[in-house]
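> Could you look at this predicted model? Sequence included:
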Amino acid sequence: MIPFAFIRPALHKLAPETAHDVALKGLSWAGPLARLAASTNLQHKTQLFGHELLNPVGLAAGLDKNGDYINGLGRLGFGFIEVGTITPRPQAGNPKPRLFRLPESQAIINRMGFNNKGVDHLVKRLRCHHFSGVLGVNIGKNKDTPNEQAADDYIACLEKVYAYADYITVNLSSPNTAGLRDLQAPAALADLLGRIVEARNRAAEQHGEHVPLVVKVAPDLNHDDIPAMADVIANCGIEGVIATNTTIQRPQVQNQQHGNETGGLSGAPLKPFADDTLARFHAALPAEIVRIGCGGISNGQDAVDKFQRGAQAVQIYTGFIYQGPQLISDAVQALKAAQVS
Ligand SMILES: Cc1cc2nc3c(=O)[nH]c(=O)nc-3n(C[C@H](O)[C@H](O)[C@H](O)COP(=O)(O)O)c2cc1C
């Protein structure tokens, strides 16, 4: 994709977080370029939660945490976009630097820590975007909310975004909020998801519309816990799983610059762990639960691999940072050629 290939070297000379911000801001004035980028064949129609999608390739959570760039990102050709993670109150996140590029591995390590402008800001953005694809909202808890009160934070976000979301993702898998991943343990999960589903059911009655709930899981789970987690998810009224978030493992990257930074590793080295987790959830979940594959997609075949492990849709983040919108059409073309959808 000529435009992105042209600007990438300049962007990658900037500090990683600055480059992220510059690229996202650029999307608002680069509408024509973005449309050019999206002009390759991006059609591979499919369904997600009963909505028709242009294609099953989505943007993963974390790039547009506050919903500030939905229109610009929407022009790039994603079938669906997930904004967030958003928390009830704004929070600054961890001190910088907290985002590191590992170009040799096409990877990123981040310890952003849910930096976001709070759910009220996101709601303002959700009221006025023009993206016509499916829009998911990823919700979390504030850093200073103890796990015993985590449900209150998730419910506060759910109630505020409910009217504007096509699906809502309960993020329990960021490694950068201390203790968050403990909420994935089957007993804690049953309690938390039970309360969130109750809140969703109340909202569904109030709004006259049923918004599906999705759980985003880590690639670092104890394998023995996955069947029990899948049972909880299936039995409490959750409709989908995103596998996976970033990993705290450090495959292949220890000897590279930044390879031992604290945080979550994403991109190519994550793929085997994310694929394995997806396959394990696929095996353990009943057919009606939607599986979304995420983690380490760097080319079209990687997207096909997710479908072969049970995914019905995929999400990308790090590959998109390195390759730009070309990766969306590469994934779409590969899925079409492999005749998976
Ligand atoms: C800088 C950065 C910030 C992220 N922030 C979030 C977040 O706020 N919420 C979330 O659920 N996932 C977040 N993620 C994880 C991604 O959504 C995705 O699950 C992960 O990066 C694996 O996909 P990838 O290998 O295609 O990047 C973040 C990832 C990166 C690299």
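Cool, got the structure. Numbers count the residues shown, from 1 in each chain.
> Which residues of the stretch 201-341 of the chain lie near the ligand?
Near the ligand, the residues belonging to the stretch 201-341 of the chain are 216, 245-246, 266-267, 270, 294-297, 316-319 when assessed by CB under 6 Å from any ligand atom. Every C-beta, even on glycine, is put in place using the N, C-alpha and C of the backbone.
> Keep only those of those residues that are in strands.
Among those, DSSP state E puts 216, 266, 267, 294, 316 in strands.
> Let me know the closest of those to residue 103.
For those, the minimum distance to residue 103 (CB to CB) is 9.7 Å, reached by residue 267.
> How about this protein: which residue is closest to the ligand?
Of all residues in the chain, the one sitting closest to the ligand is residue 62 (2.1 Å; CB to the nearest ligand atom).
> Count the neighbours of that residue for me.
For residue 62, the neighbour count with other CB atoms under 10 Å is 24.
> One more: residue 222?
By other CB under 10 Å, the residues close to residue 222 number 10.
> Show me the shaky parts of the protein.
1-5, 28-40 (pLDDT under 70).
> Just confirm residue 196 is within a helix.
Yes. Checked against DSSP: H, G, I helix; E, B strand; the rest coil, residue 196 lies within a helix.
> Is it in contact with residue 152, as I believe?
No. Counting by CB atoms under 8 Å, residue 196 does not reach residue 152; the two are 10.3 Å apart.
> which of those two has more neighbours?
Counting neighbours by other CB under 10 Å for residue 196 and for residue 152 shows that residue 196 has the greater number, 24 against 14.
> And for the more buried one, nearest residue in space, chain neighbours not counted?
Distances taken as CB to CB, 6 or more residues apart in numbering put residue 154 closest to residue 196, at 5.2 Å, once the chain neighbours are dropped.
> List the buried residues for the helix or strand hosting that neighbour?
Per DSSP states H and E: residue 154 is located in helix 150-161. For helix 150-161, burial by neighbour count (16 or more other CB atoms under 10 Å) applies to 150, 151, 153, 154, 155, 156, 157, 158, 160, 161.
> okay if I get the ones in strands among the residues of the stretch 201-341 of the chain next to the ligand as JSON lines plus distance to residue 179 and neighbour count?
Output for those, formatted as JSON lines (distance: CB to CB, whole Å; neighbours: other CB atoms under 10 Å):
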{"residue": "216", "distance to residue 179": "16", "neighbour count": "27"}
{"residue": "266", "distance to residue 179": "21", "neighbour count": "29"}
{"residue": "267", "distance to residue 179": "25", "neighbour count": "26"}
{"residue": "294", "distance to residue 179": "23", "neighbour count": "28"}
{"residue": "316", "distance to residue 179": "28", "neighbour count": "25"}
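> Adding distance to residue 104, write those out as a markdown table.
As requested, those are arranged in a markdown table below (distance: CB to CB, whole Å):
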| residue | distance to residue 104 |
| --- | --- |
| 216 | 28 |
| 266 | 15 |
| 267 | 11 |
| 294 | 22 |
| 316 | 20 |
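> Closest to residue 255 out of the residues of the stretch 201-341 of the chain next to the ligand?
residue 267 (16.3 Å).
> so that closest one touches residue 323, yeah?
No. If you go by CB under 8 Å, residue 267 and residue 323 don't touch, sitting 10.7 Å apart.
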